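A.B. asks: Model the structure of this input:
(one chain, ligands or ions: 2)
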Amino acid sequence: MESYLPSFDLKGKTALITGATKGIGRAITIAYAEAGANLVIVSRSEEDLSNLKTQIQNDYQVKVVYVASSVTDISNITSKLDMMKETMPIDILVNNAGMNIRSEALNVTEEEWSQIIDTNMKSALFLSQYVARNLKERGAKGKIISISSVGGVTALRTGVVYAMTKAALIQMTKTLSLEWGKYGINVNAIGPWYFPTALTEELLKNEQYVQDIVDRTPLERIGKLEEIAGPAVFLASDASNYMTGQALMVDGGMTIYGF
Ligand SMILES: NC(=O)C1=CN([C@@H]2O[C@H](COP(=O)(O)OP(=O)(O)OC[C@H]3O[C@@H](n4cnc5c(N)ncnc54)[C@H](O)[C@@H]3O)[C@@H](O)[C@H]2O)C=CC1
Ligand SMILES: C[C@H](O)[C@@H]1OC(=O)[C@H](O)[C@@H]1O
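C.D. replies: Ligands and ions are numbered 1, 2, ... in the order given. Take a look at the predicted model:
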């Protein structure tokens with residue numbers, strides 16, 4: 001029978017997600033479990049990680065291990081990954097962990113710079129490097145997905161340093177896809193517009209702010225967490241095997257809204 005429907009399932013694959021216990025990272029983690037992936041979940045809270053592991057293992061027949069660490073402590077994470085790479089070799093990496101301090105450019109400080117830059121960019125590059133080295137050693141194909149933002153391609157009022165990191169993740173995606181395509185590693189990014197998470201909670205309590213978002217969004221609403229998990233499953237699955245170096249804007253149309 002002639003068929004062109006690719007597989008979206010992740011059975012037999014192992015995915016590492018940073019910032020896995022809250023918000024967009026949690027939605028992606030659970031969607032990956034639903035798609036059959038084994039999971040290596042990374043966040044700072046041992047309690048949150050343990051609770052999420054228990055929830056997932058109660059609901060899905062997948063293996064879950066966790067690494068409690070700041071993503072800025074790369075050597076701590078990679079030393080723990082080294083101990084599990086025989087049993088849980090990483091096939092899919094989601095660079096999700098991120099934060100923002102919304103200072104105007106006239107007021108931003110070096111401390112804010114360092115905190116945002118290190119959290120949003122450092123682990124994305126060095127965890128990608130770690131996973132790619134391991135994939136190359138194994139001769140295995142892999143997928144690397146970084147959570148950027150519409151703020152990486154258009155100007156927002158939510159901080160210049162954050163925007164720089166999100167634009168950088170897109171350029172990192174393009175450069176790594178160029179270098180690693182020959183190893184069968186697909187490197188892509190996702191650029192969300194607003195989704196309801198702890199990161200945006202305070203902003204989305206302001207009715208005028210939400211109206212400003214809606215006024216700039218052709219679909220006239222903010223996103224639902226399952227609507228960011230879908231593209232993340234797509235980019236992790238065989239359905240996207242001929243895509244690399246791309247930044248998928250998951251934005252309700254916001255980035256095409258001229259006037
Ligand atoms: N929610 C939104 O509207 C948008 C979010 N994003 C991006 O999506 C990603 C996830 O953000 P949300 O889920 O919204 O935020 P969130 O604050 O709900 O979750 C962020 C996760 O990253 C973790 N994290 C933060 N700093 C960390 C560190 N140093 N070490 C380890 N884990 C750390 C947090 O513990 C949390 O689990 C971020 O990269 C953010 O920039 C991009 C565009 C829009
Ligand atoms: C859409 C942006 O990325 C959004 O803006 C913010 O202030 C939050 O930090 C979100 O990431």
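A.B. asks: Give me the distance between the two termini of stretch 239-249.
C.D. replies: With CA to CA, to the nearest Å as the measure, stretch 239-249 spans 18 Å from end to end.
A.B. asks: How far off centre is it?
C.D. replies: Stretch 239-249 has its C-alpha centroid displaced from the chain centroid by 14 Å (CA atoms, centre = their mean, to the nearest Å).
A.B. asks: same question, stretch 223-240
C.D. replies: 11 Å.
A.B. asks: Which positions in this protein make contact with ligand 2?
C.D. replies: By the rule CB under 6 Å from any ligand atom, the part of the chain lying against ligand 2 is Asn100, Arg102, Ser149, Val150, Gly151, Leu156, Thr158, Tyr162, Trp193, Tyr194, Leu199, Thr200. (Each C-beta comes from the backbone N, C-alpha and C, glycine too.)
A.B. asks: Can you select the buried ones among those for me in ChimeraX?
C.D. replies: To isolate the buried members of these in ChimeraX, using 16 or more other CB atoms under 10 Å:
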select :100,149,150,151,156,158,162,193,194,199,200
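A.B. asks: so which two of the residues of the chain next to ligand 2 are the farthest from each other?
C.D. replies: Arg102 and Trp193 (16.0 Å; CB to CB).
A.B. asks: Contacts only, for the residue in the stretch 51-200 of the chain that ligand 1 sits nearest to.
C.D. replies: Minimum separation of the stretch 51-200 of the chain from ligand 1 (CB to the nearest ligand atom) falls at Gly98, amounting to 2.3 Å. Contacts for Gly98 (CB atoms under 8 Å, 6 or more residues apart in numbering) come out as Gly19, Thr119, Asn120, Ile147, Thr165, Leu199.
A.B. asks: now, which of the residues of the chain next to ligand 2 sits nearest Met88?
C.D. replies: Leu199 (28.2 Å).
A.B. asks: Now the host helix or strand of Met83: buried residues?
C.D. replies: When secondary structure is defined by DSSP states H and E, Met83 falls within helix 74-84. By 16+ other CB under 10 Å, the buried positions in helix 74-84 come out as Ile74, Ile77, Thr78, Lys80, Leu81.
A.B. asks: mind listing what the third one touches?
C.D. replies: This points to Thr78. With CB under 8 Å, 6+ apart, Thr78 has these contacts: Phe126, Leu127, Tyr130.
A.B. asks: any idea which of those residues has the most stuff around it?
C.D. replies: Highest neighbour count within the contacts of Thr78, by other CB atoms under 10 Å: Leu127, with 25 neighbours.
A.B. asks: and the contacts of Gly98 as a markdown table, adding pLDDT?
C.D. replies: Below are the contacts of Gly98 laid out as a markdown table (pLDDT from 0 to 100):
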| residue | pLDDT |
| --- | --- |
| Gly19 | 98 |
| Thr119 | 96 |
| Asn120 | 98 |
| Ile147 | 98 |
| Thr165 | 98 |
| Leu199 | 97 |
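A.B. asks: Could you list which of these also contact ligand 1?
C.D. replies: Gly19, Thr119, Ile147, Leu199.
A.B. asks: residues contacting the residue lying closest to the first one once chain neighbours are set aside?
C.D. replies: Spatially, and ignoring its direct neighbours in sequence, Gly19 is nearest to Ala97 (3.3 Å; CB to CB, 6 or more residues apart in numbering). When contacts are counted by CB under 8 Å, 6+ apart, Ala97 is found next to Thr18, Gly19, Gly25, Val42, Ser43, Val71, Thr119, Asn120, Ser123.
A.B. asks: Tell me the residues of the protein that contact ligand 1?
C.D. replies: 18-19, 21-25, 43-44, 70-72, 96-99, 119, 147, 149, 192, 194-195, 197-200.
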